[in-house]
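[1] show me how the following folds:
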Amino acid sequence: MANIYLDETGQFTKTKDGDYFIIGTFTTGDPRRIEKRFRSWQREKFPRQLRDLPEIKFSNTGINDDLRLKTLKEISRLDVRIRYSFVKRQNIPLQFRAKEKIRTGHLYTELVIKTLEMYLPIVEKEFRVFCDRRNLKGLKISEFQSLVTSSILSRMQNAKDSLIQVDMIDSTTNANIQIADWINGALGRYYNKGRLGEECFAILKNNFLSEGLEIYRDYWLKNKKTQSKD
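    The predicted structure follows:
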């Protein structure tokens, strides 16, 4: 059974958050054990005012950089196997642009699908995906679930006997989604050349199952070549 936890960092339109939108995921064989370890770390190592919060984010202002790096090191010691993708905002294809706006719901869904494809095909019959709940402009959550499920099912080796679960859940109720937030926070620092970005990336490097997938880079390279020929 594959249990995949997914979160993201960055914005499609706001330049202050950097040039990249990143989707980070991890899979683990024992989700409950990982949750307990993360919660135990929070209670033992975080400042008193943060120990009982239902959600601890990488970007929390009550965390100093020393504790931020130590927490990433603790995450790296867990059974956390990471895959991630990223897109440069300037490379978002025209099909997701409507006048001066971006069809963020449809774009996010497509990025999630392309990221999850990195896990496929697999022989397991159960494939469960847990995403942090977010506003999907232009799409209902049920539509998002249907699109992602259909894509996964089409690539399963035993599609008829497979169980696909795609849920959007509140991160305050799930520590594994919070771990995914920390992974994305580290990746965001690295790709957007933020403070301690190199250190954050180095800590998690051994947990990566593969290199990060840059999405739509080839789309724009091909488009440039076509324009130059014209």
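[2] which residue ranges of the protein form helices?
    Along the chain, counting by DSSP state H, helices occupy 31-45, 65-76, 104-116, 141-153, 175-191, 197-204, 217-229.
[3] what's the closest of those to Met168?
    Among the helices of the chain, the nearest to Met168 by Cβ to Cβ is helix 141-153 (5.5 Å). Backbone N, C-alpha and C define where each C-beta goes, glycine included.
[4] helices or strands up against that closest one?
    Counting contacts by 3 or more Cβ pairs under 8 Å, 6 or more residues apart in numbering; DSSP states H and E, helix 141-153 packs against helix 104-116, strand 126-132, strand 163-169.
[5] just send those back as JSON lines, with mean pLDDT, distance to Thr25 and mean neighbour count too.
    Output for the helices and strands packed on helix 141-153, formatted as JSON lines (pLDDT from 0 to 100; distance: least, Cβ to Cβ, whole Å; neighbours: other Cβ atoms under 10 Å):
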{"stretch": "helix 104-116", "mean pLDDT": "96", "distance to Thr25": "6", "mean neighbour count": "21"}
{"stretch": "strand 126-132", "mean pLDDT": "95", "distance to Thr25": "8", "mean neighbour count": "20"}
{"stretch": "strand 163-169", "mean pLDDT": "95", "distance to Thr25": "13", "mean neighbour count": "16"}
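[6] dump these to a markdown table, plus distance to Ser154.
    Formatted as a markdown table, these follow (distance: least, Cβ to Cβ, whole Å):
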| stretch | distance to Ser154 |
| --- | --- |
| helix 104-116 | 10 |
| strand 126-132 | 12 |
| strand 163-169 | 10 |
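[7] of those, which approaches Asn184 most closely?
    strand 126-132 (9.2 Å).
[8] what's that closest one packed up against?
    Checked by 3+ Cβ pairs under 8 Å, 6+ apart, strand 126-132 has strand 2-9, helix 141-153, strand 163-169, helix 175-191 packed alongside it.
[9] adding distance to Asn207, write the ones you listed out as JSON lines.
    Putting the helices and strands packed on strand 126-132 into JSON lines (distance: least, Cβ to Cβ, whole Å) gives the following:
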{"stretch": "strand 2-9", "distance to Asn207": "13"}
{"stretch": "helix 141-153", "distance to Asn207": "23"}
{"stretch": "strand 163-169", "distance to Asn207": "22"}
{"stretch": "helix 175-191", "distance to Asn207": "8"}
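[10] many thanks, I have nothing further to ask.
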